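Participant: What shape does this take:
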Amino acid sequence: MSIKAVIFDLYGTLINIRTDEGDPRVYEELSRFLAYSHVHIAPEELREQYLQKIREQLGRSRETHPDVNVMKVFSDIIHQHAEGRMELRLTLYTARLFRSLSRRVFEPFPGVYGMLERLRDHYPLGLLSDAQRCYTEPEIKELKLDWFFDLILLSSDHGFRKPEPRYFRLALDSMGVRASETIYVGDNPQRDLVGAKNAGMRMVLVRSGDKGYDGFMPDAYIDNIADLEDALAGLH
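Facilitator: Numbering: from 1, shown residues only. As a prediction, the model looks like this:
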C-alpha cells in the first residue's frame with residue numbers, strides 16, 4: 001500500500017524534552033516577574049491557582065480527551081491579582097517564561113534534521129502534537145523545524161488531544177489524504193498508537209518500552225527516529 005503523507009508527534013518523538021513544573025523555583029521567579037507589572041501573588045499561591053485552574057478547565061470540558069489552554073489559565077490569574085490595567089501581551093510573556101523556567105532538557109533527537117529533509121522530498125509532512133501554541137510554536141522555530149511541515153496542529157487550539165480520533169482526522173482532512181495512505185509517527189502507545197489506529201491510520205512507534213496498547217500494535221517499531229526511512233520502505 002502506498003504512502004501519501006507522514007504525520008509526526010513532536011515531544012518525545014522529534015524533540016527530547018523534560019520539564020519540571022513542580023519546581024518551587026519556577027513559581028518564585030514567575031512571582032517576581034509578575035510583580036514588575038503590578039501583579040502581586042505569592043509563589044505558593046501562584047502554583048496552587050495554576051493547578052486549580054487547570055483542573056477547572058478540564059472539569060468543564062465535555063470532551064473525552066480534553067486539553068487545557070494555559071493562556072486562559074494565566075490570564076485568569078493575572079486579572080485576579082493585577083493592580084490596575086494589565087499590560088499588553090503580559091499573559092503571553094508569562095506563559096512563555098513559565099515554560100522556559102520549567103525546561104530541563106530540550107534538544108532534537110539525533111538524526112532528526114537529515115531524516116526530515118530527505119522525507120520532505122518524497123512526502124508532505126504534518127505535525128500533530130498535544131501542546132500549547134503559546135510556547136510550542138516558538139520552540140519549533142527555535143529548533144528550525146517549522147519549515148519541514150506542511151501542517152502543524154496543536155491541541156490547545158482545539159480543546160481536545162490524543163488519542164481523540166477527531167484530532168487525527170483534522171490532520172488528514174487538512175492535508176487531503178486518506179487515513180490508510182498516511183503514517184503517524186509517535187512515541188506514546190496510549191495516545192499516539194491508539195489514536196492513529198482508531199482514525200484508520202498506519203503507525204510507527206518510536207522508543208517505547210511497550211510495543212502495543214489495548215490490543216493495538218504498530219505497523220513498525222524503531223528505537224531511533226533516524227531509522228524511520230527504513231521502516232517506511234518496509235510499509236510500501
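Participant: what residues are up against the nearest residue to D23 once chain neighbours are set aside?
Facilitator: Distances taken as CB to CB, 6 or more residues apart in numbering place S102 nearest to D23, at 6.6 Å, with adjacent residues excluded. Quick note: C-beta positions are derived from backbone N, CA and C, even for glycine. Residues near S102 by CB atoms under 8 Å, 6 or more residues apart in numbering: 19-21, 23, 26.
Participant: Tabulate the residues you listed in CSV, adding columns for secondary structure, distance to Y135 and neighbour count.
Facilitator: Rendered in CSV, the data for these read as follows (DSSP: H, G, I helix; E, B strand; the rest coil; distance: CB to CB, whole Å; neighbours: other CB atoms under 10 Å):
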residue, secondary structure, distance to Y135, neighbour count
T19, strand, 10, 16
D20, coil, 15, 12
E21, coil, 12, 14
D23, coil, 17, 14
V26, helix, 13, 23
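Participant: Please render the residues you listed as a markdown table that adds pLDDT and distance to E83 to the earlier fields.
Facilitator: Shown next, in a markdown table, are the contacts of S102 (pLDDT from 0 to 100; distance: CB to CB, whole Å):
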| residue | pLDDT | distance to E83 |
| --- | --- | --- |
| T19 | 98 | 30 |
| D20 | 98 | 30 |
| E21 | 97 | 26 |
| D23 | 98 | 27 |
| V26 | 98 | 23 |
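Participant: Need those residues in JSON lines (columns: distance to R120).
Facilitator: JSON lines is the format used below for the contacts of S102 (distance: CB to CB, whole Å):
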{"residue": "T19", "distance to R120": "29"}
{"residue": "D20", "distance to R120": "34"}
{"residue": "E21", "distance to R120": "33"}
{"residue": "D23", "distance to R120": "37"}
{"residue": "V26", "distance to R120": "36"}
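Participant: ok, back up a step: how close does the residue nearest to D23 get to D20?
Facilitator: 6 Å (CB to CB, to the nearest Å).
Participant: what is in contact with these two at once?
Facilitator: With CB under 8 Å, 6+ apart as the test, S102 and D20 both reach V26.
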